[in-house]
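K.L.:
build me a model:
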Amino acid sequence: MEVRTLTYDLTQRAWSEPVPRLDSDQTLVLVFGSPDLDAQREVLSYLKVALPRATLLGCSGAGEIAGRELRWTYTESNRIGDHIWYISDIRKFQEHYPAWRQRYDLRGLLEDIHAKNADRWLAVAAEGVH
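P.N.:
Model (predicted):
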């Protein structure tokens, strides 16, 4: 499985590197951004042309799963482990593990993560710990 992480600079209207040629029916592209972001439509349109056989999935952190508006801040520096784009072709993984089947969709995973951590996150936020 090949995983690539790219970012799209809104001010420069440019990618951090060229979009890789991983187009196949086994390619999954996760796009993270606000649903209000007009540029997201531009990015998705570009990816649909560049990777026509790939599955594109848009994700946001706008509070849909938490059921409330999220408090957030923006910083230019990336945290270790932060990923903005995943572009992955899972054919090689499936060759090595032919019995493997995808059982969970992305929204289900995020809902599960939220359900199992919401109380802890709220407690930490109430203490003012970051």
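
K.L.:
what residues sit buried inside the helix ranked longest in the chain?
P.N.:
If you go by DSSP state H, the chain has its longest helix at helix 106-127. Across helix 106-127, burial judged by 16 or more other C-beta atoms under 10 Å covers Leu110. For glycine as for every other residue, the C-beta is placed from the backbone atoms N, C-alpha and C.

K.L.:
which helices and strands sit right next to it?
P.N.:
Here helix 106-127 touches strand 55-59, going by 3 or more C-beta pairs under 8 Å, 6 or more residues apart in numbering; DSSP states H and E.

K.L.:
need the pLDDT of the closest residue to Ala118 other than its chain neighbours.
P.N.:
Among residues not flanking Ala118 along the chain, Ala66 sits closest, at 7.2 Å (C-beta to C-beta, 6 or more residues apart in numbering). pLDDT for Ala66: 70.

K.L.:
if we can go back for a sec, may I have the longest helix of the chain exported as PDB, CA atoms only?
P.N.:
C-alpha atoms of helix 106-127 as PDB (Å, rounded to 0.1, in the frame of the first residue of the first chain):
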ATOM      1  CA  LEU A 106     -14.600   6.700   7.400                       C
ATOM      2  CA  ARG A 107     -17.600   8.400   9.000                       C
ATOM      3  CA  GLY A 108     -18.200   5.300  11.100                       C
ATOM      4  CA  LEU A 109     -14.600   5.300  12.300                       C
ATOM      5  CA  LEU A 110     -14.700   9.000  13.200                       C
ATOM      6  CA  GLU A 111     -18.000   8.500  15.000                       C
ATOM      7  CA  ASP A 112     -16.500   5.700  17.000                       C
ATOM      8  CA  ILE A 113     -13.400   7.700  17.900                       C
ATOM      9  CA  HIS A 114     -15.600  10.600  19.000                       C
ATOM     10  CA  ALA A 115     -17.900   8.400  21.100                       C
ATOM     11  CA  LYS A 116     -15.000   6.700  22.900                       C
ATOM     12  CA  ASN A 117     -13.100  10.000  23.600                       C
ATOM     13  CA  ALA A 118     -15.700  12.800  24.000                       C
ATOM     14  CA  ASP A 119     -16.000  12.600  27.800                       C
ATOM     15  CA  ARG A 120     -12.200  12.600  28.200                       C
ATOM     16  CA  TRP A 121     -11.800  15.500  25.700                       C
ATOM     17  CA  LEU A 122     -14.500  17.600  27.400                       C
ATOM     18  CA  ALA A 123     -12.800  17.000  30.800                       C
ATOM     19  CA  VAL A 124      -9.400  18.000  29.500                       C
ATOM     20  CA  ALA A 125     -10.900  21.100  27.900                       C
ATOM     21  CA  ALA A 126     -12.700  22.000  31.100                       C
ATOM     22  CA  GLU A 127      -9.400  21.900  33.000                       C
END
